[in-house]
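Student: what's the 3D shape of this:
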Amino acid sequence: MRLELKRLQGIKLNIRFESVYKSFGPKKPLNGITFEIPHGKNLFILGKSGTGKSVLLKHAVGLMMPDEGRISVDGKSTSDMNREEIIQLRKKCGIIFQNPALFDFLNIEENIAFGVEDHSGVDELLRLMDLPLDIKRKKPREISFGMQKRVAIARTLATKPDVLLFDEPTTGLDPTSRDAVNDWIDHLHEKLGVTQVVVSHDMVSAKRLAHEVIILDQGKIVAQGAWDVIQSSPHPIVKDFMRAGFL
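Tutor: Numbering: from 1, shown residues only. The predicted model follows:
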């Protein structure tokens, strides 16, 4: 598992949503969504709880399929992919969840290398995440929560993804911990040039890190663009969201 950092630079995985609809009974978390994930950028998808953010993320990696519309990866619809192609897509799109979800029965080295052939790149990943090499033999419960989150990122990077997807990475964190997570999102983009999609409701993080922002409401995109475009949007939902985010 030799990690080649340059491999993440210059990789272009085109993921596009075209008029995507998804319903669960009367609820419509995705109600005609169209956008493309920008290559090599930090895209923040913002919205209140229940606006379809996490559902959108699951569609991007083929965990869910749309009721209508099309999600294409390098020009091929996910609905037309066979099982092996979906597995390959998920390997290219590393998801980092809010909870580190490390395996308690494995040490840190085994957690990072889980699902790959060998452990030869673990030290490089630990250095990348600014973690001491002597934690390799420790169990997750023996290191801090902040370190666990960095180990979770290292485990995701071990599979050499082309796109990193963060699901609510700063929810429930105090300001200091939130800033630390944001530092690592920024660090990964600067170091690897990797495309990153962050699903969140954290306006402070978006202002600091986002190259492009999408705001969802009731399954629709109500604003999209760079931060200055979002900030000047006249849409009432965006205005309410901006005020709430900076109280």
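
Student: Next, name the residue at the spatial heart of this structure.
Tutor: For the chain, residue 165 is the residue whose C-alpha lies nearest the centre (C-alpha atoms, centre = their mean; 1.7 Å).

Student: Would you check how far apart that residue and residue 198 are?
Tutor: 8 Å (C-beta to C-beta, to the nearest Å). Backbone N, C-alpha and C define where each C-beta goes, glycine included.

Student: Over to residue 99?
Tutor: 16 Å.

Student: So which of those two has more stuff around it?
Tutor: Per other C-beta atoms under 10 Å, whichever of residue 99 and residue 198 has more neighbours is residue 198, with 28 against 13.

Student: got the contact list for the strand or helix carrying residue 238?
Tutor: Using DSSP states H and E, residue 238 falls within helix 236-245. By C-beta atoms under 8 Å, 6 or more residues apart in numbering, the surrounding residues in contact with helix 236-245 are 46-48, 201-204, 215, 217, 222-223, 230-231, 233.

Student: Just the ones of those residues in strands?
Tutor: Taking DSSP state E, the ones among the contacts of helix 236-245 that sit in strands are 46, 215, 217, 222-223.

Student: Relative to residue 121, which of the residues you listed is nearest.
Tutor: residue 46 (33.8 Å; C-beta to C-beta).

Student: and the longest helix anywhere in the chain, how far from the chain's centre?
Tutor: Using DSSP state H to define each element, the chain has its longest helix at helix 175-192. Remark: helix 175-192 is offset 13 Å from the chain centroid, using C-alpha atoms, centre = their mean, to the nearest Å.

Student: In that helix, which residues are buried?
Tutor: Along helix 175-192, these residues count as buried under the neighbour rule (16 or more other C-beta atoms under 10 Å): 178, 181-182, 184-185, 188-189, 192.

Student: what does stretch 84-101 give?
Tutor: Those would be 86, 89-90, 92-96, 98, 100, for stretch 84-101 by 16+ other C-beta under 10 Å.

Student: Make TSV from these and add pLDDT and distance to residue 76 to it.
Tutor: Shown next, in TSV, are the buried residues of stretch 84-101 (pLDDT from 0 to 100; distance: C-beta to C-beta, whole Å):
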residue	pLDDT	distance to residue 76
86	91	11
89	89	9
90	86	15
92	87	13
93	89	14
94	87	20
95	88	20
96	87	25
98	79	30
100	87	32
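
Student: Among those residues, which one sits closest to residue 140?
Tutor: For the buried residues of stretch 84-101, the nearest to residue 140 is residue 100 (7.3 Å; C-beta to C-beta).

Student: Wait, a strand at the residue nearest to the centre of the chain?
Tutor: Yes - secondary structure assignment places residue 165 in a strand (DSSP: H, G, I helix; E, B strand; the rest coil).

Student: how much space between it and residue 211?
Tutor: From residue 165 to residue 211 the distance is 16 Å (C-beta to C-beta).

Student: tell me the average confidence for the helix holding residue 238?
Tutor: Averaging the model's pLDDT scores along helix 236-245 yields 80.

Student: Of all the residues in it, which ones are buried?
Tutor: Per 16+ other C-beta under 10 Å, helix 236-245 contains these buried residues: 237-238, 241-242.

Student: Can you list the low-confidence ranges for the chain?
Tutor: 1-12, 117-119, 245-247 (pLDDT under 70).

Student: and if we set it to 80?
Tutor: Along the chain, the parts satisfying pLDDT under 80 run over 1-13, 49-51, 98, 115-120, 171-174, 177, 241-247.

Student: which residues of it fall in helices?
Tutor: 53-60, 83-92, 108-112, 122-128, 145-157, 175-192, 203-209, 227-231, 236-245.
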